[in-house]
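*Asks:* Just to be clear, the model below is a prediction. Sequence and coordinates:
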Amino acid sequence: MTGDNQSLTIEFILTGFTDHPELRTLLFLVFLTIYLITMVGNLGLVALIITEHRLHTPMYVFLGNLALMDSCCSCAITPKMLQNFFSKDRIISLYECMAQWYFLCLAETSDCFLLAAMAYDRYVAICNPLLYHSMMSKKLCIQMTTGAYIAGNLHSMIHIGFLHRLTFCSSHQINHFFCDVLPLYRLSCVDPYINELMILIFSGSVQTFSITIVIISYLFILFTIFTMKSNKGRGKALSTCASHFLSVSIFYGSLLFMYIRPNSFNEEDKDIPVAIFYTLVIPLLNPFIYSLRNKEVIIVMKNLLRRCHNIPKQTFHMDN
């Protein structure tokens, strides 16, 4: 058997969160609840956007795809984690590791570009409202969304390809609740310098590019808002950006801290807390951040409830 084949048949042990039986049940219930709420919230938001034609605008197309990627992230990580709470061996193969990392990287990379697209959409809506329908055409919206998925797939495949150069001949115990690449690099008996360099180059480039778009968009947005004479118009413009800005801050902050911070490849003790945040907490929060702070989504949900009870529906005017 070749070295490559030997590497691919390797199995790892995920240590998870705790070995205390009394805590396992509690943590299992907590994370199961988080998982179910995450899936219902995100897939419910996707279904709402698909079924309601009034939400077929660029902002909600991006939001629907963001919710879909958050669901993908949760599905890649949480089921195996929940299984391992009551598994005796807690084994995961290298193939399963690659699958987890592929879907996680796909979701996180696509989210970066989708959040950047949403920032540009808000810039056009607030700074150039009269040109919104020409600048944010249906064709451009589809191109941006497709580009986000293509970038996510390419980014994932690059790192999966570089994983094949590693061999694992020491401890196969991963001190994590899922198979992230940073713990894998620490277990490699081949110098993972190239893999670490690729993480810094590609992840850094993706985040730098998307953050730059977000920052530039919000600089123009803030300048436009502060030059508005109407307090009502200023408040309305700020409210349309608040949920997106909050989501962007949480998302990019956790990713930058996890993969781009100094010594991120050596500080093993910080892996799990940060990973919980960007793989479990953010997908849980996003549908609530965008739904509870979004007047249009709230009105559509109320109309659906009224429709079920044959109550006259409420009308609203869509903002750009």
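*Replies:* All right, it came through fine. Everything quoted here is computed from the prediction, not taken from an experiment.

*Asks:* What distance do you get for the spatially closest residue to Asn195 that is not a sequence neighbour to Ser247?
*Replies:* Once flanking residues are discounted, Asn195 sits nearest to Phe162: 5.0 Å by CB to CB, 6 or more residues apart in numbering. Quick note: C-beta positions are derived from backbone N, CA and C, even for glycine. Relative to Ser247, Phe162 is positioned 30 Å away (CB to CB, to the nearest Å).

*Asks:* Spit out the contact partners of the residue nearest to Asn195.
*Replies:* 194-195, 198 (CB atoms under 8 Å, 6 or more residues apart in numbering).

*Asks:* most neighbours, which of those residues?
*Replies:* Most neighbours among these, by other CB atoms under 10 Å: Asn195, with 21 neighbours.

*Asks:* next structured bit after whichever helix or strand that one is part of?
*Replies:* Element membership of Asn195 [criterion: DSSP states H and E] is helix 193-198. Following helix 193-198 in sequence order, the next helix or strand is helix 204-226 (DSSP H and E).

*Asks:* Buried residues in that following helix, which are they?
*Replies:* 206-207, 210-211, 213-214, 217-218, 220-221, 224-225 (16 or more other CB atoms under 10 Å).

*Asks:* can I get those in CSV with pLDDT and distance to His133?
*Replies:* Supplementary listing: the buried residues of helix 204-226 in CSV, determined by pLDDT from 0 to 100; distance: CB to CB, whole Å:
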residue, pLDDT, distance to His133
Val206, 91, 29
Gln207, 85, 31
Ser210, 91, 25
Ile211, 89, 27
Ile213, 94, 21
Val214, 91, 23
Ser217, 91, 18
Tyr218, 89, 22
Phe220, 92, 19
Ile221, 88, 19
Thr224, 87, 18
Ile225, 84, 21
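
*Asks:* Are we agreed that Ile13 is in a helix?
*Replies:* No - with DSSP: H, G, I helix; E, B strand; the rest coil as the criterion, Ile13 is strand rather than part of a helix.

*Asks:* and the spatially closest residue to it that is not a sequence neighbour, how many neighbours does it have?
*Replies:* Of all residues not flanking Ile13 in the chain, Gln173 sits nearest, at 4.8 Å (CB to CB, 6+ apart). Using other CB under 10 Å, Gln173 is surrounded by 13 other residues.

*Asks:* Quick check: phi and psi at Gln173.
*Replies:* Main-chain dihedrals, Gln173, degrees, to the nearest 10: phi -90, psi 120.

*Asks:* gap between it and Asp89?
*Replies:* 12 Å.

*Asks:* which residues are common contacts for those two?
*Replies:* Residues touching both Gln173 and Asp89 by CB under 8 Å, 6+ apart: Ile13.

*Asks:* burial measure for Cys73, as a count.
*Replies:* Residues lying near Cys73 (other CB under 10 Å) number 25.

*Asks:* which residues of the stretch 101-250 of the chain score low on pLDDT?
*Replies:* 170, 233, 240 (pLDDT under 70).

*Asks:* how about 80 then?
*Replies:* Within the stretch 101-250 of the chain, the stretches with pLDDT under 80 are 169-171, 228-247, 249-250.

*Asks:* residue boundaries of the strands in it?
*Replies:* For the stretch 101-250 of the chain, the strands defined by DSSP state E, counting those that start in this stretch occupy 173-174.

*Asks:* Can you report how many residues neighbour Gln83?
*Replies:* 13.

*Asks:* Assumed it was part of a helix.
*Replies:* Yes - counting by three-state DSSP, Gln83 falls inside a helix.

*Asks:* Can you read off the pLDDT for it?
*Replies:* Predicted confidence (pLDDT) for Gln83: 90.

*Asks:* Next one: it from Phe178, what distance?
*Replies:* 11 Å.

*Asks:* picking that back up, quick one, what contacts the residue nearest to Ile13?
*Replies:* Counting by CB under 8 Å, 6+ apart, Gln173 has contacts 12-13, 15, 187.

*Asks:* can you put those in TSV and add distance to Ile37?
*Replies:* Output for the contacts of Gln173, formatted as TSV (distance: CB to CB, whole Å):
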residue	distance to Ile37
Phe12	29
Ile13	29
Thr15	26
Leu187	33
